[in-house]
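Trainee: show me how the following folds:
(chains A, B and C)
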Amino acid sequence: MPELPEVEVIRRDLVPKVEGRRIVEARLAERRLTRRCGTPRRVEAALVGRRVTRLRRRGKFFLFDLDGDSLVVRLGMTGQLLWWENGEGFHPDRHTHACLTFDAGGVLSYRDIRKFGEMFILPTAALEHTLQLGVEPLSSEFTAQALREICRAPTRIKPLLLNQTKIAGIGNIYADEALFRAGVRPTRRAASLGPNELRSLRDAIRAVLRAGIRHRGSSIANYRDASGEPGQFAARHRVYQRHGEPCLVCGTVIRRILLGQRGTHYCPGCQR
DNA sequence: AGTACGCCCTGGCCGC
DNA sequence: TGCGGCCAGGGCGTAC
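Mentor: Now for the predicted structure:
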């Protein structure tokens, strides 16, 4: 499931391929992709002939800037953005829902088994207002003080970390891993966290996201990078999907509970 | 305001 | 071998 690190890995791979390139052909074959706004035909028409000036990331969203407008891509649970140099080896299958051809011949395809992802176009100036995303956790704005403000809420800490309007880009895997590294139980009320815990959690969030990027993402289910390769970070998960196994730090059996309808993994020994 | 729950969607897995 | 049933879960809408 692509979260901030996976999106960032793909973005970095794609930057040298697409930045400065012009889109010569666009095909969207799935109506659901544009459900938030527009239609497949309108998005296709808005893409052809446009040059990608920059490829940015905001939370879990890709932003392909097109000189005034931006193509927004979110991968949902099973989305993949795959790059095919000169179109070589590209064969769309039943899960390939979109395909962009660039002026140098490269092809960017969008594949999504469960169709939870989306793809639409907005004026660049409207992005922030429309997407309603919180602070970027890897930016300098994400200080312990910023996290303290976010945590002034009666909610439990884990659902808060998953709230994209508070902090952008954290999903189920990195929330569980960050809480483990910070020694904080996912069921704790956010407002009950002390200064040391807030600092520790802020540092843990940044460390785990950076580690995820360094190891090219977590390949649970079907995450693949732009070249179709899996990431290596899942082997370094300390709690996520390790329930029933001993904690690597204290040996206590990792537990799995439901929190906000999400599978939640934690160590009862290390997390208080 | 938080929290619960259903929905979307498909492949993988389980039990029979 | 085959098939029904269940599960995962990001984000959103609805109800309480």
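Trainee: from here on, contacts and neighbour counts on C-alpha atoms
Mentor: OK.
Trainee: burial count for A:D13?
Mentor: For A:D13, the neighbour count with other CA atoms under 10 Å is 15.
Trainee: can you tell me the closest non-neighbouring residue to it?
Mentor: Nearest residue to A:D13, sequence neighbours excluded (CA to CA, 6 or more residues apart in numbering): A:A226, at 6.5 Å.
Trainee: do A:V7 as well
Mentor: Nearest non-adjacent residue to A:V7 (CA to CA, 6+ apart): A:K60, at 6.1 Å.
Trainee: residues of chain A that sit close to DNA strand C?
Mentor: By the rule CA under 7 Å from any atom of the strand, the part of chain A lying against DNA strand C is A:1, A:60, A:76-77, A:114, A:116, A:162-164, A:169, A:171-173, A:262-263.
Trainee: quick revisit: just checking, the residue nearest to A:D13 touches A:L81?
Mentor: Yes. Checked against CA atoms under 8 Å, the pair A:A226 and A:L81 is within contact range at 5.7 Å.
Trainee: the more surrounded of the two?
Mentor: Shown here are A:A226 and A:L81; by other CA under 10 Å, A:L81 has more neighbours (25 against 21).
Trainee: SS state for the more buried one?
Mentor: strand (DSSP: H, G, I helix; E, B strand; the rest coil).
Trainee: pretty sure it contacts A:D225?
Mentor: Yes. Between A:L81 and A:D225 there is a contact under CA under 8 Å: 7.4 Å.
Trainee: find the residues that touch each one of the two.
Mentor: Here A:L81 and A:D225 have A:I10 as joint contacts, going by CA atoms under 8 Å, 6 or more residues apart in numbering.
Trainee: where's A:F180 relative to A:I257, distance?
Mentor: Note on A:F180: its distance to A:I257, by CA to CA, to the nearest Å, is 14 Å.
Trainee: please read the previous query as pertaining to A:I167.
Mentor: Distance, A:I167 to A:I257, using CA to CA: 23 Å.
Trainee: do the same with A:G212
Mentor: For A:G212, the distance to A:I257 (CA to CA) stands at 23 Å.
Trainee: neighbour-wise, which of those two wins?
Mentor: Between A:G212 and A:I257, counted using other CA under 10 Å, A:G212 has the larger neighbour count: 25 against 14.
Trainee: I'd say that one and A:A235 touch.
Mentor: No. If you go by CA under 8 Å, A:G212 and A:A235 don't touch, sitting 10.7 Å apart.
Trainee: got any ranges where chain A has weak pLDDT?
Mentor: Along chain A, segments meeting pLDDT under 70 span A:219, A:221.
Trainee: where do the strands of it begin and end?
Mentor: Here chain A has its strands, by DSSP state E, at A:23-28, A:54-58, A:61-65, A:69-74, A:79-84, A:96-102, A:107-112, A:118-123, A:255-259, A:262-266.
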